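**Q** Would you be able to build a 3D model of this:
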Amino acid sequence: MRRGPVLALLLLIMLPLALLGGLGIRLARDEERVLELTLRHQIEGRLGDLADRISRRTASTRANLIDALLEIDHDPESMRRFVRREPRVRQVFLLDSAGTPLYPAPAAPLSVSEREFLDRAQPMWKGPVEKSSTRRALHGPPLDSGMKDPMGPQSQGSSDRAPQGQSTVGWIVWTRDSRIHILVLEALEGGGFIGAEIENMRMLADIIADLPDTATARSYSVSPYLLSLKTAATVPSDASERFALTDSTGRILYQFGTFDPREPRNPLVARSLDYPLDSWRLRYDVPDSAPGARNLNRVHLPLLLGLASVGLGLMALGGFVFREYRRDAIEAAQRVTFVNQVSHELKTPLTNIRMYTELLTERIGENLLEVDPKARHHLDVIADESQRLSRLITNVLTFSRRHRDENSHRSQSGIIDETIESTIEIFRPSMQKRGIEPRFEGTCRNPLPYDPDALSQILGNLLGNVEKYATGTREVRIRSRVVEDQVIVDVEDDGPGIALHQREAVFEPFKRLSERLEDGAAGTGIGLTIARDLARRHGGDLVMIAGDSTAHFQLTLNIATTRTEAQS
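**A** As a prediction, this is how the structure comes out:
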């Protein structure tokens, strides 16, 4: 089987498969993206629910502390007792309208915890601020316009993140030594402010109490007291996920879920908490082999199965077409082989018929006219038909060899006009019987390298067409000339010609112009195909020259190429 049809068949199979594969991959990616967005949306919803729980807890803590602070007396002893009995408070403080601390007062006798508080809360007071401290004051109604900023100047040069903000009544947050410090602040009716520093550990314990239980709960940098706050619970073994609460440094304060990564990793989804714990984050992690992650990869499985099914179907169809085509090709080759064999078998007896016809004509030629005047005519008909049948067989054998590239021309030195004249003489008797007179004008009388058999066969096909198809022709003109390295032979008749749109089609194999046939005329439709092929193998070409009412064929033979081949 030839390579061209095989490649076309493979392209017919692979092109739809490639298009379907590309479309399927695109659809799978879109579906994977939708699944990923859906999963992220669900996780963000769960993290949002946890963040809301924490926000409600911090808001409740602040409200309860403010109510308790407003109920106590504002003398130092009462506030010290309040600190001792309230586990959620680390220190209570009292400010005047100008933001100057009244309790604990820097000039008054102070306990160790009160002195430490003044040192920690130095960013609140007027005066220099330690370079290691930063502060933020946000949330709540603004301070009275007459009150000075109780936070004091903003610290510069600290490595901790703390965007600049204006102090307000509500929460006050600052960072010192990589730890956050949280204050609640409330304005007093008589002027001034009261507030308290939150005990971070107790606030974290309250937050953890509101989060889901887990059998694998861990708290990093948290006292064992916090671990005892959560009760053990059974988590399904397929819940391969982890929710974690982290501080501003990324340390995990609390986590729940069965997934425990051994190495640091980026979370699948993360979000920050609301103020004042906005430096803390909730994160969600899953292993690469988790069911949720596998679901994203399984999107491609139906695609692969579908493409495999389509591919198998196309391959089966292609195999069927290939088998049918190959069977037809084998049958066609068998028919060609049969025709070749028959043609070869016919060529030998036909040669004998022609030879013995010529011998019989020479032997009894003149005497036969005296016995039977029509007998010589009968012998001439036998000779003419034998020659025509010989030409048909030669054309069939030449056409079959052209597909196997066996018809290489064999050049030899000779007179081109002599070959043309001998070919014309073969056709002259039959043409004259039809009223067609061949006229030859030749100028190629010098020896030139060419293939006489190829030239004779080309002219034989052209003259044979004139004999059969040129209705009303009275004369056919043959001219030869040499132009540079080419021999040009023109064959022109006086017939009705060939339509312009059909002048190239007549060179196609088995192409016959049925409307041009005379009564009794027949042909195989391969004569002009063979003639052009022989001309091109000779380094030239055979074309049809445009004309109004004539059929004008022009043959060119490249004698330069032929001369080189003959010399080599």
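
**Q** Can you give me every residue that contacts S78?
**A** I72 (Cβ atoms under 8 Å, 6 or more residues apart in numbering). C-beta here means a position set from N, CA and C on the backbone, and glycine is covered the same way.

**Q** how near is it to S386?
**A** 144 Å (Cβ to Cβ, to the nearest Å).

**Q** ditto for R84
**A** 139 Å.

**Q** between the two, who's got more neighbours?
**A** S386 (19 against 9; other Cβ atoms under 10 Å).

**Q** and the more buried one, helix, strand or coil?
**A** helix (DSSP: H, G, I helix; E, B strand; the rest coil).

**Q** Could you find the closest non-adjacent residue to it?
**A** Distances taken as Cβ to Cβ, 6 or more residues apart in numbering put R354 closest to S386, at 4.3 Å, once the chain neighbours are dropped.

**Q** Neighbours of that neighbour, how many?
**A** 17.

**Q** do T423 as well
**A** 22.

**Q** what's it sitting at in phi/psi?
**A** phi -70, psi -40 (degrees, to the nearest 10).

**Q** What's the local residue count around the residue nearest to I208 when sequence neighbours are not counted?
**A** Among residues not flanking I208 along the chain, Y254 sits closest, at 5.1 Å (Cβ to Cβ, 6+ apart). The tally of other residues near Y254 (other Cβ under 10 Å) stands at 23.

**Q** The one 4 residues further on now?
**A** Taking other Cβ under 10 Å as the criterion, the count of residues near T258 is 16.

**Q** I180 now?
**A** By other Cβ under 10 Å, neighbour count at I180 equals 20.

**Q** Report the contact partners of it.
**A** So I180 contacts V173, W174, N200, D247, S248, L277, S279 (Cβ under 8 Å, 6+ apart).

**Q** In three-state terms, label the fifth one for me.
**A** This means S248. coil.

**Q** surely it meets D278?
**A** No: counting by Cβ atoms under 8 Å, S248 does not reach D278; the two are 9.3 Å apart.

**Q** Comparing those two, which shows the higher neighbour count?
**A** Between S248 and D278, counted using other Cβ under 10 Å, S248 has the larger neighbour count: 18 against 14.

**Q** Please name the spatially closest residue to the more buried one (chain neighbours excluded).
**A** S279 (3.8 Å).

**Q** Show me the contacts of I180 that map onto strands.
**A** Mapping the contacts of I180 onto strands (DSSP state E) picks out V173, W174.

**Q** pLDDT-wise, which helix or strand of the chain ranks last?
**A** In the chain, no helix or strand scores lower on mean pLDDT, DSSP states H and E than helix 224-227, which sits at a mean of 34.

**Q** still on that earlier bit, list the contacts of the residue nearest to S386.
**A** A383, S386, Q387, S390.

**Q** Pick out whichever of those sits closest to G195.
**A** S390 (125.1 Å; Cβ to Cβ).

**Q** The helix or strand containing the closest one: which residues count as buried?
**A** Element membership for S390 (DSSP states H and E) is helix 373-402. Neighbour-count burial for helix 373-402 flags 375, 379, 382-384, 386-388, 390-400, 402 (criterion: 16 or more other Cβ atoms under 10 Å).

**Q** How about stretch 473-480?
**A** T473, V476, R477, I478, R479, S480.

**Q** do the same with stretch 244-251
**A** Those would be A244, L245, T246, D247, S248, for stretch 244-251 by 16+ other Cβ under 10 Å.

**Q** Now the last one: phi and psi?
**A** In terms of degrees, to the nearest 10, the main-chain angles of S248 are phi -70, psi -20.

**Q** Low-confidence ranges, the stretch 301-450 of the chain, go.
**A** Low-confidence segments of the stretch 301-450 of the chain (pLDDT under 70): 301, 303-304, 332-333, 335-345, 347-348, 365-373, 376, 399-409.

**Q** Show me where it has its helices.
**A** 373-402, 416-433 (DSSP state H, counting those that start in this stretch).

**Q** Of those helices, which is nearest N266?
**A** Short answer: helix 373-402, nearest of the helices of the stretch 301-450 of the chain by Cβ to Cβ, at 70.9 Å.

**Q** for that closest one, packing partners?
**A** helix 300-371, helix 416-433, helix 452-469, helix 527-537 (3 or more Cβ pairs under 8 Å, 6 or more residues apart in numbering; DSSP states H and E).

**Q** Reformat the helices of the stretch 301-450 of the chain as CSV; add distance to H41.
**A** Shown next, in CSV, are the helices of the stretch 301-450 of the chain (distance: least, Cβ to Cβ, whole Å):
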stretch, distance to H41
helix 373-402, 71
helix 416-433, 89
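
**Q** So which of those is nearest D541?
**A** Of these, nearest to D541 by Cβ to Cβ is helix 373-402, at 15.5 Å.

**Q** all strands for the stretch 1-150 of the chain, in order.
**A** 89-95, 101-103, 133-138 (DSSP state E, counting those that start in this stretch).

**Q** Check whether R271 sits in a helix, strand or coil.
**A** strand.

**Q** Give me the spatial nearest neighbour of V476, chain neighbours excluded.
**A** D493 (4.6 Å).
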